[in-house]
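Q: No sequence on hand, only this structure:
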Ligand SMILES: O=P(O)(O)OC[C@H]1O[C@H](O[C@H]2O[C@H](CO)[C@@H](O)[C@H](O)[C@H]2O)[C@H](O)[C@@H](O)[C@@H]1O
Ligand SMILES: O=c1ccn([C@@H]2O[C@H](COP(=O)(O)OP(=O)(O)O)[C@@H](O)[C@H]2O)c(=O)[nH]1
C-alpha cells in the first residue's frame, strides 16, 4: 500500500488545538482518516513568526505523523485572512457581495502555495500518493509538478464549487482552474458542485468532458468525481454512549426543566445562516404563543476567522439579534435562545445532540456539513430527535429523510420547527432509521477509501455515492 501525504492549510495538533471544537469538519475528518493510513499530514501550524524559516516541525501524536511550518504575519494576512477567506470563501459560498479582490491577496496566496511546495517537497517519496485539501491550496499541485513531482496527486474541495458566471468575476479565474487540472483526481462533495466545475471547464476553457467525467488536458487524464465526506461513525457513536456525553446530556436536560430543546452547532460564519435561523425561531414563538416558554434554542457558535471584517460583522449582528429576540420573548424564568460563543469537545456535543428534540442545520450554503450527520448518529433510535436541514447543504443530497427547508424562508423554517416538535414517534423513528443508514454506510472511512482508490488509479466506479446518484 502506498504512503499517503496529506496536505491541508491547517494541521490539527493535539497540543496546539486550543479551544475545543474550533477546528471544523476538515480537521476532524482528516485526523480519523490518517489514523487508519500510514503517512504524513503536512500544513500550517496555525502559528505566526516574524520571518518565514521553512523549519519543519515533525511530531507523532495518537498514531498520526504531522509536519508543520509556521507562517509569517504577512502570509497569514494575505493568504489565509485574505485570498482564502476574503476572496475564495465568500465567492464559493455565493456571497459575491462580500468577495474582495485585492492584488496583494493573490500574490500572498501564490507565495504561500510556493512555500508549502518547497517545504513538503523533501517529504515526498516516489511511490507516495499526494492528497491536497481545499480552496487554500488549489494551485499547489501545479507548483509541485513544476518542481518535478511525478507522483499521483489529488485535490479534494470541501466547499461548494460556484456557478460559472460567479467564478468568472474572479480575476485570473482561468489560470486558477487551469492549475487545478495538473492533479490526477479532483474530488467534490456533491454531484451539484461537480457539475458546476465541469460546466466551467467546458464553457470557459472549451475542454471536452468524457462520459466518465474525466477531462483530457495536456496529454494527461484528470478524473473529476463526487466523494461526499462522512463522519467517523464508530468513534462518534462510542463517544455518544460514553460518560462525558451522558454527563453533558444530563446537564442540558436538567437545565431546561422539561422544555423541548432545539440545537444548532456551527462555526460563527455568515454561510451558516444563523441570523435567519434565529428569526425563524422567533417567528415560531410569535405564531404559537401557547408553545412559547416550552421550547429553547441552544446555539453553540465558536468564533471563527475573527480577523476578517465580515466575521466581526456577523458576530455583532447576531449579538444584537439574540438580545432583541430574547428581550421580546423572555420570561423571568425563561430565555428562549441560549447563544454560546465557545466550542465544546465532541464527546460533550454528542450528549447535547442526544438531549435535543430537534437539530437545526440551516446553512445558506455549505460544502457538506458534518454536524447534520453527527446529530443523526447521536440519537437514541427508540426515541430519536428530528433533523431540520437546509436544502443548500451538501449533506441534503444524502439526508433526504430530514425535513428539508429553504433557510432563506423564515416562514417555511418556522412552520417546519412546529412540524418537528409535533412529529409522532413512529414518523421520527422511520425517518431516523433511514438517515442513520446513510450516515453509517457513507462514513469517513468509506470517503477515504473511495478517494484513495481513485488517487491510486485503480478504480473504475469509485466515488459516485449511491444516494447522491439516485438524486442526480
Ligand atoms: O480552518 P478554519 O478557517 O477555522 O475553518 C474550518 C474548516 O471550515 C471549512 O470546512 C468544510 O469542510 C467540512 C468537512 O468536509 C464540510 O463539512 C464543511 O461544509 C466545509 O465548510 C473549510 O472548508 C475547511 O478548510 C476548514 O478547515
Ligand atoms: O463546539 C464545537 C463546534 C463544532 N465542532 C466540530 O466541528 C465540525 C464542524 O464541521 P462542519 O462540517 O459541520 O462545518 P465546518 O465548520 O467544517 O464548516 C464538526 O465535526 C463538529 O463536531 C466541535 O467539535 N465543537
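A: It's in. Keep in mind the model is a prediction, meaning the values are calculated, not measured. Ligands and ions are numbered 1, 2, ... in the order given.
Q: Show me what from the stretch 251-400 of the chain comes close to ligand 1.
A: Residues of the stretch 251-400 of the chain lying near ligand 1 by Cβ under 6 Å from any ligand atom: 304, 305, 366, 367, 368, 369, 370. In short, each C-beta sits where N, CA and C put it, glycine included.
Q: would TSV of the residues you listed with secondary structure, pLDDT and neighbour count be doable?
A: What follows is those, written out as TSV (DSSP: H, G, I helix; E, B strand; the rest coil; pLDDT from 0 to 100; neighbours: other Cβ atoms under 10 Å):
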residue	secondary structure	pLDDT	neighbour count
304	coil	96	19
305	coil	97	17
366	strand	98	30
367	coil	98	27
368	coil	97	27
369	coil	97	26
370	helix	96	26
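Q: Now render the residues you listed as TSV, adding distance to ligand 2.
A: Converted to TSV, these look like this (distance: Cβ to the nearest ligand atom, whole Å):
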residue	distance to ligand 2
304	7
305	11
366	6
367	7
368	6
369	5
370	4
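Q: tally of neighbours for residue 241?
A: Applying other Cβ atoms under 10 Å, we find 13 residues neighbouring residue 241.
Q: Quick check: residue 40 is in a strand.
A: Yes - according to DSSP: H, G, I helix; E, B strand; the rest coil, residue 40 belongs to a strand.
Q: Tell me if I'm right that it and residue 66 touch.
A: Yes - assessed by Cβ atoms under 8 Å, residue 40 is found in contact with residue 66 at 7.2 Å.
Q: any idea how far residue 6 is from the nearest residue to residue 4 once chain neighbours are set aside?
A: Setting aside the residues directly before and after it, residue 4 is nearest to residue 39 in space (Cβ to Cβ, 6 or more residues apart in numbering), at 3.5 Å. Per Cβ to Cβ, to the nearest Å, residue 39 is found 6 Å from residue 6.
Q: Give me the spatial nearest neighbour of residue 425, chain neighbours excluded.
A: Nearest residue to residue 425, sequence neighbours excluded (Cβ to Cβ, 6+ apart): residue 383, at 7.0 Å.
Q: what residues does the stretch 201-350 of the chain put near ligand 2?
A: Residues of the stretch 201-350 of the chain lying near ligand 2 (Cβ under 6 Å from any ligand atom): 265, 267, 300, 302, 343, 344, 346, 349.
Q: try 8 Å this time
A: Residues of the stretch 201-350 of the chain lying close to ligand 2 (Cβ under 8 Å from any ligand atom) are 229, 231, 265-267, 269, 271-272, 300, 302, 304, 342-346, 349.
Q: ok, now the stretch 51-200 of the chain?
A: For the stretch 51-200 of the chain, the residues in contact with ligand 2 (Cβ under 8 Å from any ligand atom) are residue 158.
Q: And the strands in the stretch 51-200 of the chain, which stretches?
A: 57-61, 64-72, 129-133, 153-156, 185-188 (DSSP state E, counting those that start in this stretch).
Q: Flag every buried residue along the longest one.
A: Neighbour-count burial for strand 64-72 flags 64, 66, 67, 68, 69, 70, 71 (criterion: 16 or more other Cβ atoms under 10 Å).
Q: tell me the contacts of the first one?
A: Yep, that's residue 64 we're talking about. Counting by Cβ atoms under 8 Å, 6 or more residues apart in numbering, residue 64 makes contact with 31, 34, 35, 41.
Q: Please produce a markdown table containing those, extended by pLDDT.
A: Shown next, in a markdown table, are the contacts of residue 64 (pLDDT from 0 to 100):
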| residue | pLDDT |
| --- | --- |
| 31 | 73 |
| 34 | 76 |
| 35 | 73 |
| 41 | 93 |
